[in-house]
Structure formats: structure tokens, C-alpha cells
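Asks: Only the shape, not the letters, is given here:
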């Protein structure tokens, strides 16, 4: 964790982490354990599952729910660590995405090549749609659109499940990440045979060799941040195509240059 003054705190050797709303906690996971950690490093609660935990996401606004993947299952736990329960079995290993409001509505990649959008507290399915080879899910600010990356390209769904857009990718291209800027510009990381590129609203911001990590937009919407493991760098891009700022030697300073996440909106 890096503070605005540049100071750093290592919370642990975890496989991944995700901020809670307002930066009160970090959900961190390692093997079959999930932790809620304060920025000071103190563990508030933890739980253990048989399956390997591969992703966890806090519900926005109130942080009262955490959705996480354990093996091939989707589970929900309350924000205070109580009430851990199975929600869906046989899901794809794709990080679930909470709609950005207080309704506890979640999108996840279910079995049979379907994206499912559910009201978690009522355990009610709101809609579903078939998308081949789902790899990423991302809600736009305000929850008006859900972007779904799949093996055949990118699909956009309205809040009620209507398909409102579809974008095919060039042959041999894979969508590694999809995200939205705070002002709802769609950001796509796509990887081709020789290089990867980052586009914002269709405009290419950066192209480089190898594979990029996921895009994390700054709360101000001015800087998308992306990890570039092949160069051992973090790239601070400019939303309007200005100069790129690179931070080098990431592995030595922070560990492997994987995905990154800003705090806090």
C-alpha cells in the first residue's frame, strides 16, 4: 500500500487484494484464506475455505457484503466476517462485479456461458445473458451499463439486461481487461500476437509488448494506472493522451508487477 506522501506499507504476501468503500479495509486472500485488513495492517477478521480463493470484491456504498470466489463456487460473507454462505456453484473464475449502488446487485459469470445479474439479499435473479468465454465484468458509474468481455469480443448490456452494443475484436486478439473511467469512458486492454494496447473510448493511449495488468482509474478520472510486468513498470497514463509517466523496478520495490487498485472513490 502506497500513501500520498510516497510511504509504503506491506500488508502481507497475499495473492490479491481489494479495497472496501472509503478505504476502511482491504480484502486480501491467499490460498484458501480471506482476510479483512485495516490499512495499519491489523487483521479485523478472517475465514478459511477448502477451495483456493481467487477474487474478492466489497459491495460499494456500504461495504455490508463481500463476494468472493472459492474454487468453482461464488460465496457471500457479511462485511463484518459473519454469515459466510454459498451463493452459486460451478461459476467461472472471473471476478464478480457489484453494481455501483446500495442495492447489493451482483454480476457474475455462471455455468453454461451465461452472465447472471442477481439481487443478493433476496437471492433473486434479475436477468441473464449468454456470452461465450466470459473473462471480465465491469459496471459503468451509476450502473447504467454492464461491459462483458468474452472470447468473441465485448458486449454491452443495459441495466435491465438488454444488449445495447457488441464489439468484435480482430482475429487473434484477447481482451485482458475492461474498465470504466469515472466519467463513463470505456477502457479496454486487448492483447494481440505481438503487442498489447490500452484504449479509452476507442482511442489508443499506449501500446507495448507482452501483457498488461488490469486498469485502475484514479478517483479524479485523470490518470488510468496499469501494471506492465514485461517492463517491470507501473504506467500512469493520461486520460486525454498526454505524456505517460512510468515507475520502474516495481518488483524490487513492491513485489511482482501484477494488478493495481486506487483508493478511494
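Replies: Cool, got the structure. Just so it is clear, the structure is predicted and the values come from calculations on it, not from any experiment. Numbering: from 1, shown residues only.

Asks: can we go C-alpha only for contacts and neighbour counts from here?
Replies: Will do.

Asks: Now the residue nearest in space to the middle of the chain. Nearest residue, chain neighbours left out?
Replies: With distances taken as CA atoms, centre = their mean, residue 95 lies nearest the centre of the chain, 6.3 Å away. Excluding its sequence neighbours, the residue lying closest to residue 95 (CA to CA, 6 or more residues apart in numbering) is residue 55, at 5.5 Å.

Asks: can you pull the contacts of the one you found?
Replies: Contact partners of residue 55, counting by CA atoms under 8 Å, 6 or more residues apart in numbering, are 16-17, 29, 68-69, 94-96.

Asks: export the residues you listed to JSON lines and tack on distance to residue 23 and secondary structure?
Replies: Listed next are the contacts of residue 55 as JSON lines, based on distance: CA to CA, whole Å; DSSP: H, G, I helix; E, B strand; the rest coil:
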{"residue": "16", "distance to residue 23": "16", "secondary structure": "strand"}
{"residue": "17", "distance to residue 23": "12", "secondary structure": "strand"}
{"residue": "29", "distance to residue 23": "17", "secondary structure": "strand"}
{"residue": "68", "distance to residue 23": "18", "secondary structure": "strand"}
{"residue": "69", "distance to residue 23": "21", "secondary structure": "strand"}
{"residue": "94", "distance to residue 23": "23", "secondary structure": "coil"}
{"residue": "95", "distance to residue 23": "19", "secondary structure": "coil"}
{"residue": "96", "distance to residue 23": "19", "secondary structure": "coil"}
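
Asks: coming back round to it: which of the helices or strands spans the residue nearest to residue 95?
Replies: Using DSSP states H and E, residue 55 sits within strand 53-58.

Asks: what's the answer for residue 242, then?
Replies: Counting by DSSP H and E, residue 242 is found in no helix or strand.

Asks: tally of neighbours for it?
Replies: With neighbours defined by other CA atoms under 10 Å, the count for residue 242 comes to 9.

Asks: separation between it and residue 102?
Replies: As judged by CA to CA, to the nearest Å, residue 242 and residue 102 stand 35 Å apart.

Asks: now do residue 39
Replies: Counting by CA to CA, the gap from residue 39 to residue 102 is 24 Å.

Asks: Show me which residues of the strand holding residue 55 are buried.
Replies: By 16 or more other CA atoms under 10 Å, the buried positions in strand 53-58 come out as 53-58.

Asks: Repeat that for stretch 219-226.
Replies: 221-226.

Asks: ok, residue 39 and residue 102, which is more surrounded?
Replies: Using other CA under 10 Å, the more surrounded residue of residue 39 and residue 102 is residue 39, with 16 against 13.

Asks: how many other residues sit next to the nearest residue to that one once chain neighbours are set aside?
Replies: Of all residues not flanking residue 39 in the chain, residue 25 sits nearest, at 6.3 Å (CA to CA, 6+ apart). Neighbour count of residue 25, defined by other CA under 10 Å: 23.

Asks: re earlier: closest one of the contacts of residue 55 to residue 88?
Replies: residue 69 (9.7 Å; CA to CA).

Asks: Tell me how far that closest one lies from residue 127.
Replies: For residue 69, the distance to residue 127 equals 21 Å [CA to CA].

Asks: For residue 217, list each beta-bridge partner.
Replies: Assessed by DSSP bridges, residue 217 has beta-bridge partners residue 224.

Asks: Please name the residues that touch it.
Replies: When contacts are counted by CA under 8 Å, 6+ apart, residue 217 is found next to 180-182, 223-225, 261-262.

Asks: picking up where we left off before, for residue 34, see how far away the residue nearest to residue 95 is.
Replies: Using CA to CA, we find residue 55 at a distance of 9 Å from residue 34.

Asks: Same question for residue 58.
Replies: According to CA to CA, residue 58 and residue 34 sit 12 Å apart.
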